[in-house]
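Colleague: have a look at this prediction, sequence included:
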Amino acid sequence: MSTFSPWIDLSNEVEEATLATRPIVALESTIISHGMPYPVNVQTAREVEQIVRDGGAVPATIAILNGRIKIGLTPDELDFLAHPDNHEHIAKVSRRDLAYVLSEGSHGATTVSATMICAQLAGIEVFVTGGIGGVHRGATQTMDISADLLELAKTNVAIVCAGAKSILDIGLTLEYLETHGVPVAGYGTEDFPAFYSRTSGYPANFILRGPEEAARFIRTQWALGLEGGVVVANPVPESYAFESDEIETVIGQALKDADYRHITGKDVTPYLLDRVKELTEGKSLETNVALVKNNAVVGSAIAVALSKKT
């Protein structure tokens, strides 16, 4: 049992890394249970974990199993989360859901916000994901704003991502983050990436030109007592990127389809991602896999840099 929290279990690999003060990278599990189809989901999860190891850090995929927060998963646990036969028994867990799923002894796949909470409980400073949630299009009527943004305002975890998902209102997402004092840094770019595309048309707040510079920035942020996360926005590899106009047309159609089907709440994002995959004949899934792997490379390098004495 972890000494961090009575609700947490560390895998052997993560526990050994913690005791040895080796760098650890948190990974979310919603992308496995609700973000990608089987068997691409489990294959990607395993490959991303290996990329983290190859980068000199230890992967800690986070999920809730039988009412326990698991920091680091076994191969069998990854398979359980990935297999579609189990998905109806695996809740999609945000901050709102975390205590209930634990108290019920249930299973849950952690979103960005819940993964941040669990990572901080376990003392993990770097978290790699695909893209953060944000302000949904039409939020002026629906008030649909991802819990990820509020979590970024209060939880000290640095997120390496390919920006915000293109299905969102990225301008309003960045405005929301600015209001809450969350720094948004472009990794090697002055443009804020839009998940499937390398640019969103909006600038990042700052440019970070490598892992050491990123580590210095993150350390300084928290040393000043400035609570909250840091967004490190890392563009999708160019060979897998969509042109902005191309993906915008596809997303527009997916949004119309979601509205027609009256899909709302936490079902919106997985539906839109799946519909975009259908409309792009699978190309968007290839892009999703590529950007997560690319983020794992960068996140591992930043975690290693953070672990060095400064």
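Modeller: Okay, I see it.

Colleague: quick one, what contacts residue 148?
Modeller: By C-beta atoms under 8 Å, 6 or more residues apart in numbering, the contact set of residue 148 is 111, 112, 113, 116, 132, 133, 134. C-beta coordinates here come from the backbone N, C-alpha and C atoms, glycine included.

Colleague: can you rerun that using 6 Å?
Modeller: 112, 113, 132, 133 (C-beta atoms under 6 Å, 6 or more residues apart in numbering).

Colleague: with pLDDT, neighbour count and secondary structure added, can I get these in JSON lines?
Modeller: Converted to JSON lines, the contacts of residue 148 look like this (pLDDT from 0 to 100; neighbours: other C-beta atoms under 10 Å; DSSP: H, G, I helix; E, B strand; the rest coil):
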{"residue": "112", "pLDDT": "97", "neighbour count": "28", "secondary structure": "helix"}
{"residue": "113", "pLDDT": "97", "neighbour count": "26", "secondary structure": "helix"}
{"residue": "132", "pLDDT": "96", "neighbour count": "28", "secondary structure": "strand"}
{"residue": "133", "pLDDT": "92", "neighbour count": "25", "secondary structure": "coil"}
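
Colleague: ok, and what's touching whichever strand or helix holds residue 212?
Modeller: Residue 212 belongs to helix 211-223 when assigned by DSSP states H and E. Identification of contacts with helix 211-223 by C-beta under 6 Å, 6+ apart yields 156, 158, 208, 230, 232, 301, 302, 305, 306.

Colleague: next, the angle helix 211-223 makes with the strand or helix carrying residue 291.
Modeller: Counting by DSSP H and E, the element that carries residue 291 is helix 283-307. Helix 283-307 runs at 70 degrees relative to helix 211-223, counting by axes from the mean of the first three to the mean of the last three C-alpha atoms, to 10 degrees.

Colleague: so where's this structure shaky on pLDDT?
Modeller: For the chain, the stretches with pLDDT under 70 are 1-4, 309-310.

Colleague: and the top strand by length along it, which strands flank it?
Modeller: Longest strand in the chain by number of residues (criterion: DSSP state E): strand 58-65. With DSSP bridges as the test, strand 58-65 is paired with strand 24-27 (parallel), strand 68-71 (antiparallel), strand 107-110 (antiparallel).

Colleague: off-centre distance for the second one?
Modeller: The one in question is strand 68-71. Strand 68-71 has its C-alpha centroid displaced from the chain centroid by 17 Å (C-alpha atoms, centre = their mean, to the nearest Å).

Colleague: list the buried residues for the helix or strand just after it?
Modeller: For strand 68-71, the following helix or strand on the C-terminal side (DSSP H and E) is helix 75-82. By 16 or more other C-beta atoms under 10 Å, the buried positions in helix 75-82 come out as 77, 78, 79, 80, 81, 82.

Colleague: how about residues contacting helix 75-82?
Modeller: Residues outside helix 75-82 that contact it (C-beta under 6 Å, 6+ apart): 29, 32, 33, 38, 41, 42, 45, 63, 86.

Colleague: how does it look with 8 Å?
Modeller: By C-beta under 8 Å, 6+ apart, helix 75-82 touches 29, 32-33, 38-39, 41-42, 45-46, 61, 63, 65, 70, 73, 86, 90, 109.

Colleague: same check on stretch 118-126?
Modeller: Against stretch 118-126 from outside (C-beta under 8 Å, 6+ apart): 2, 4-5, 7-8, 10, 14, 18, 23-26, 57, 60, 62, 69, 71, 110, 127, 155-158, 160, 218, 299, 302-303, 306.

Colleague: send the alpha carbons of it over as PDB?
Modeller: Written as PDB, here are the backbone C-alpha positions of stretch 118-126 (Å, rounded to 0.1, in the frame of the first residue of the first chain):
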ATOM      1  CA  CYS A 118      -4.200  10.900  -8.500                       C
ATOM      2  CA  ALA A 119      -0.800  11.800  -9.900                       C
ATOM      3  CA  GLN A 120      -0.500  14.600  -7.300                       C
ATOM      4  CA  LEU A 121      -1.500  12.200  -4.500                       C
ATOM      5  CA  ALA A 122       1.300   9.900  -5.700                       C
ATOM      6  CA  GLY A 123       3.900  12.700  -6.000                       C
ATOM      7  CA  ILE A 124       4.100  12.500  -9.800                       C
ATOM      8  CA  GLU A 125       4.800  15.900 -11.500                       C
ATOM      9  CA  VAL A 126       4.500  15.100 -15.200                       C
END
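
Colleague: how about the helices in the stretch 1-150 of the chain?
Modeller: Secondary structure of the stretch 1-150 of the chain (DSSP state H, counting those that start in this stretch): helices located at 12-19, 30, 40-54, 75-82, 95-103, 112-121, 139-142, 147-152.

Colleague: so which residue is dead centre in the chain?
Modeller: residue 129 (2.9 Å; C-alpha atoms, centre = their mean).

Colleague: thought that residue was touching residue 160?
Modeller: Yes: if you go by C-beta atoms under 8 Å, residue 129 and residue 160 touch, sitting 7.5 Å apart.
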